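1. sequence-free structure coming up:
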């Protein structure tokens, strides 16, 4: 945490903190403890606000939602289908088990953050998001008519279409790597484990749909890095971890994508306004400055006793953070 937290804090005044640790952050007490660990790891002189989340399980109780809301520290609950992604083995096996919790969230205005993939082994890995929308998310949004939902790190044309057509209480985040890469990046010159993430990269047509959504100015779409640091040896392994580390250049990478689309003027709202408005948070008053200037990304960087390989390792990023 001490190795990677400064990358985020240099670029963002706050962040929604995901709860898929071992053990999972499934209670308000654990969320508050995790928040304290983050703040303790923050370098002196840096200002950063962790916005905590709870990990939804089959056993989460409605009373936990009431405690979370009352804490002022917990801002959402994350739904991982069991086995869908990193440390999701404690996730939900059947949303029907969570009806009481979802009703409590609906009543309190607590958003549900969704990892939008099914885990059915007969569903092709590239179709898991589309099938999730049909089987799970559409019925969920219809059944809980006041529940706020964020579909995290969407990757497909179908997800863009679903969010656009859903009520205003449904939104989505989009990562920088899904804006910049299509699934060819997994195989250029061989298997590229540092481009493996979940949801997995998709076809070029889907990447273009994400670019259009992110740069459209539609407030339903906002920044969500899904930056995931894994030690080099856990990525370059027989069963490598899913996740791309982008925090070292996150806002700069989004600037690349928006500039390439000719819509750089819409980056500020995507990064700073839409998410805050959806969560009912005040917009930050501080500013950062970006300049169009190439810089080289290190081949690797410290990660505790290990090393992490950042996105674009050994290559360049076209925008630079000009303010500390």
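-> Yep, it's here. Note that the structure is a prediction, hence the values are computed from the model and not measured.
2. where in this structure is pLDDT low?
-> Scanning the chain with the threshold set as pLDDT under 70 gives 323-324.
3. which SSE is the residue with the largest distance to the centre of it in?
-> Note on the chain: the largest C-alpha distance from the chain mean falls to residue 189, namely 28.1 Å (CA atoms, centre = their mean). Under the criterion DSSP states H and E, no helix or strand holds residue 189.
4. what's the separation between it and residue 309?
-> 16 Å (CB to CB, to the nearest Å). In this view, the C-beta of every residue, glycine as well, is placed from N, C-alpha and C.
5. and what of residue 295?
-> Going from residue 295 to residue 309 by CB to CB gives 17 Å.
6. so these two - more neighbours on which side?
-> Between residue 295 and residue 309, counting by other CB atoms under 10 Å, residue 309 is the more crowded of the two (23 against 13).
7. the lengthiest helix in the chain packs against which elements?
-> When the chain is parsed with DSSP state H, its longest helix is helix 28-41. If you count contacts as 3 or more CB pairs under 8 Å, 6 or more residues apart in numbering; DSSP states H and E, helix 28-41 packs onto strand 14-17, strand 49-55, helix 62-71.
8. ignoring the adjacent residues along the chain, who's closest to residue 46?
-> With CB to CB, 6 or more residues apart in numbering as the criterion, residue 46 has its nearest non-adjacent residue at 4.7 Å, and that residue is residue 9.
9. for the residue nearest the centre of the chain, give me its contacts.
-> What sits nearest the mean C-alpha location of the chain, by CA atoms, centre = their mean, is residue 226, with 3.3 Å. Going by CB atoms under 8 Å, 6 or more residues apart in numbering, residue 226 touches 152, 153, 173, 175, 177, 197, 243, 244, 246.
10. returning to that earlier point: the helices and strands packed on helix 28-41: which one's closest to residue 202?
-> Closest of the helices and strands packed on helix 28-41 to residue 202 is strand 14-17, at 23.2 Å (criterion: CB to CB).
11. now do the buried residues in stretch 128-137.
-> When burial is assessed from 16 or more other CB atoms under 10 Å, stretch 128-137 yields the following buried residues: 128, 129, 130, 131, 132, 133, 136, 137.
12. confirm residue 239 sits in a strand?
-> No: when the secondary structure is assigned by DSSP: H, G, I helix; E, B strand; the rest coil, residue 239 falls in coil instead of a strand.
13. okay, now it: neighbour count?
-> When counting by other CB under 10 Å, one arrives at 5 neighbours for residue 239.
14. now residue 297
-> Residue 297 has 18 neighbouring residues, counting by other CB under 10 Å.
15. that one contacts residue 320, doesn't it?
-> No: Residue 297 lies out of contact with residue 320 (CB atoms under 8 Å); the separation is 11.5 Å.
16. the stretch 151-300 of the chain: strands as residue ranges?
-> Under the criterion DSSP state E, counting those that start in this stretch, strands of the stretch 151-300 of the chain are mapped to 170-174, 221-223, 290-296.
17. closest one to residue 67 among those?
-> Residue 67 sits nearest to strand 170-174 of all those, at 25.0 Å, using CB to CB.
18. what strands line up against the closest one, and which way round?
-> Strand 170-174 pairs in its sheet with strand 149-152 (parallel), strand 221-223 (parallel), by DSSP bridges.
19. and for it, what's in contact with it?
-> The contact list for strand 170-174 (CB under 8 Å, 6+ apart) reads 141, 148-154, 159-160, 163, 210, 213-214, 219-224, 226, 274-275, 278.
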